[in-house]
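Undergrad: Just to be clear, the model below is a prediction. Sequence and coordinates:
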Amino acid sequence: MIYVDADACPVKAEVERVGTRHGVPMAIVSNGGIRPSQNPLIETVIVAEGPDVADQWIAERAGPGDVVVTGDIPLAAKCVEAGALVLKHSGERLTQANVREALAMRDLMTDLRAADPFRQGGGKGFTKADRSRFLDALERALREVARS
């Protein structure tokens, strides 16, 4: 199964394309505002409004043999701990070896933003190269899951 944390996810179409090619069921999880797909492999899951409700839904279900697509580092950490393979939108894979560092960096950036209320942006935009890296990483992840 592929779980997609779909709120603000820039690679939903890519997940659908690659997942369909591999015949893998997918759950697109959000708080709403997403048009349901006609693809029979896709389950569109609309969760209740509230902070981290979609994340909780995914974290409760993801485990070994699953792929999770998210930009949310705390969710990624939970899914890695549960044994799922986790990919960020840029194609970066989060593992036991690097997810704690990613959490620490997230916390540091939160603290920096809180210390300087005039700080604007700071994040880079999503590029074609990111999309390409994501497609390659998802392809490799699905092959790895299929082998195990």
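TA: That came in fine, so what should we check first? Numbering: from 1, shown residues only.

Undergrad: alpha carbons only for contacts and neighbour counts from here, please
TA: Will do.

Undergrad: so who does residue 90 touch?
TA: 126, 130-131, 133-134 (CA atoms under 8 Å, 6 or more residues apart in numbering).

Undergrad: now do 7 Å
TA: 130-131, 133-134 (CA atoms under 7 Å, 6 or more residues apart in numbering).

Undergrad: what's the closest of the residues you listed to residue 23?
TA: Among the contacts of residue 90, residue 134 lies closest to residue 23 (CA to CA), at 18.3 Å.

Undergrad: what comes up buried for the longest helix seen in the chain?
TA: The longest helix of the chain (DSSP state H) is helix 128-147. Within helix 128-147, the residues scored as buried using 16 or more other CA atoms under 10 Å are 130-131, 133-135, 137-139, 141-142.

Undergrad: Export only the CA atoms of it, formatted as PDB.
TA: The C-alpha trace of helix 128-147 is given here as PDB (Å, rounded to 0.1, in the frame of the first residue of the first chain):
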ATOM      1  CA  LYS A 128      11.300  19.700 -12.000                       C
ATOM      2  CA  ALA A 129      14.500  18.100 -10.700                       C
ATOM      3  CA  ASP A 130      12.700  17.400  -7.400                       C
ATOM      4  CA  ARG A 131       9.800  15.800  -9.300                       C
ATOM      5  CA  SER A 132      12.200  13.700 -11.300                       C
ATOM      6  CA  ARG A 133      14.100  12.600  -8.200                       C
ATOM      7  CA  PHE A 134      10.800  11.700  -6.500                       C
ATOM      8  CA  LEU A 135       9.600   9.600  -9.500                       C
ATOM      9  CA  ASP A 136      12.900   7.700  -9.500                       C
ATOM     10  CA  ALA A 137      12.800   7.200  -5.700                       C
ATOM     11  CA  LEU A 138       9.200   5.900  -5.800                       C
ATOM     12  CA  GLU A 139      10.000   3.500  -8.600                       C
ATOM     13  CA  ARG A 140      13.000   2.100  -6.600                       C
ATOM     14  CA  ALA A 141      10.900   2.000  -3.400                       C
ATOM     15  CA  LEU A 142       8.100   0.000  -5.000                       C
ATOM     16  CA  ARG A 143      10.600  -2.500  -6.500                       C
ATOM     17  CA  GLU A 144      12.300  -2.900  -3.000                       C
ATOM     18  CA  VAL A 145       9.000  -3.500  -1.300                       C
ATOM     19  CA  ALA A 146       8.000  -6.000  -4.000                       C
ATOM     20  CA  ARG A 147      11.200  -8.000  -3.500                       C
END
